[in-house]
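>>> What follows is a predicted structure for the sequence shown.
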Amino acid sequence: PPGLYIVATPIGNLSDLSPRASDVLKNADRILAEDKRVTAKLLRHIGADTPMTAYHDHSDGTLRERVLADLGDKRIALVSDAGTPLISDPGYKLVRAARAAGLAVHTVPGPSAAIAALTLAGLPTDRFLFVGFLPAKAKARAEVIAEIAPIRASLILYESGPRLGASLAALAEGIGERDAAVVREISKLHEETVTGSLLQLAERYAETGPKGEIVIVVGPPAAPSEATEDDLDAAIDEALTRLSPSRA
Ligand code: SAM
């Protein structure tokens, strides 16, 4: 059927492209790509020659209008360079506009580095916050870290090799001694997961950031210890004593 197809593509290993994603990319009338050269490689891999147009959310509104005009009777696929579109990648404004216009939006789910890293880190997965990239400037970065520090959830952050050291140092300073993992090159030859406290990891990567693409996962803050029945009884006794000293 016509409409906008959000298509996830591999984050390293080309075999992770799903059969459905491959079909949709082959049979779409047009592919909106973040970088046409990157997507051209993927299309060669599956033997597709679907026409492509470069798309960014900051592309001017005219392109978005043209895409919307086509969606009524065409199949338009949106991909990013790797992983799931819209996740620290372009697409959100297009989906919002398509929804507002009552047009069909379909998704072809697949790889995303955030979820893949969470499954590798060995940290709690029941609640997590996707933080994306921290700001590059120290002051803005410290502010974001202060804001997310108290949140009772694991944190998922995207990072690049050259900035890993600075980000880990800022996290260690702002969030302290929490379990974390540095996950890199997921599904590629040099996939690696290094676990440790934020302080240990900050020290390890202080000098040289490793090559490649990186996700940092930070475990949640320690839960406040649960009060036992005895604790509660003692607290009630103490309160009553304070209210009526004669009971002492
Ligand atoms: N939309 C993508 C997704 O769903 O994963 C993310 C796009 S974002 C611009 C790129 C960042 O994702 C990288 O800087 C890195 O933090 C992370 N990333 C992408 N591929 C990765 C991989 N194979 N291993 C580790 N991290 C990866």
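In hand now; what should we look at?

>>> Going by C-alpha atoms from here, please, whenever you check contacts or count neighbours.
Will do.

>>> so how far is Leu134 from Ile145?
Using CA to CA, to the nearest Å, Ile145 is found at 8 Å from Leu134.

>>> what does the protein have sitting close to the ligand?
11-12, 82-85, 87-89, 112-114, 158-160, 184-187, 213-215 (CA under 6 Å from any ligand atom).

>>> that older thread, between Ile145 and Leu134, who's got more neighbours?
Legend: neighbour count by other CA atoms under 10 Å for Ile145 and Leu134, higher for Ile145 (21 against 18).

>>> who touches whichever strand or helix holds the more buried one?
Using DSSP states H and E, Ile145 maps to helix 138-148. Contact partners of helix 138-148, identified using CA atoms under 8 Å, 6 or more residues apart in numbering, comprise Leu134, Pro135, Ala170, Leu171, Gly174, Ile175.

>>> confidence score at the nearest residue to the last one once chain neighbours are set aside?
If I follow you right, that is Ile175. Once flanking residues are discounted, Ile175 sits nearest to Ala149: 5.5 Å by CA to CA, 6 or more residues apart in numbering. pLDDT for Ala149: 97.

>>> quick one: Ala149 and Gly174 touch, right?
Yes: using CA atoms under 8 Å, Ala149 makes contact with Gly174 at a distance of 7.1 Å.

>>> mind listing what the most centrally placed residue in the chain touches?
When CA atoms, centre = their mean is applied to the chain, the residue found nearest the centroid is Ala114 (4.0 Å). Contacts here follow CA under 8 Å, 6+ apart; on that basis Ala114 touches Phe130, Ile156, Leu157, Tyr158, Val215.

>>> which SS class is Tyr5?
Under DSSP: H, G, I helix; E, B strand; the rest coil, Tyr5 falls in the strand class.

>>> Which strand residues bridge it?
Ala77, His106 (DSSP bridges).

>>> From the structure, what's the count of residues near it?
26.

>>> how close does it sit to the ligand?
Separation of Tyr5 from the ligand (CA to the nearest ligand atom, to the nearest Å): 15 Å.

>>> Mind picking the two most distant members of the contacts of helix 138-148?
Pro135 and Ile175 (16.1 Å; CA to CA).

>>> Settle it for me: which of those two has more neighbours?
Ile175 (20 against 14).

>>> Show the pLDDT at the more buried one.
According to the prediction, Ile175 has pLDDT 94.

>>> Please identify the helix or strand for the residue nearest to the centre of the chain.
Going by DSSP H and E, Ala114 is in helix 113-121.

>>> Restricting to C-alpha, output that helix in PDB.
Written as PDB, here are the backbone C-alpha positions of helix 113-121 (Å, rounded to 0.1, in the frame of the first residue of the first chain):
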ATOM      1  CA  ALA A 113      22.400   0.700  18.400                       C
ATOM      2  CA  ALA A 114      20.700   1.900  21.600                       C
ATOM      3  CA  ILE A 115      18.700  -1.300  22.100                       C
ATOM      4  CA  ALA A 116      21.600  -3.500  20.900                       C
ATOM      5  CA  ALA A 117      23.900  -1.900  23.400                       C
ATOM      6  CA  LEU A 118      21.400  -2.300  26.200                       C
ATOM      7  CA  THR A 119      21.300  -6.000  25.500                       C
ATOM      8  CA  LEU A 120      25.100  -6.300  25.700                       C
ATOM      9  CA  ALA A 121      25.800  -4.100  28.800                       C
END
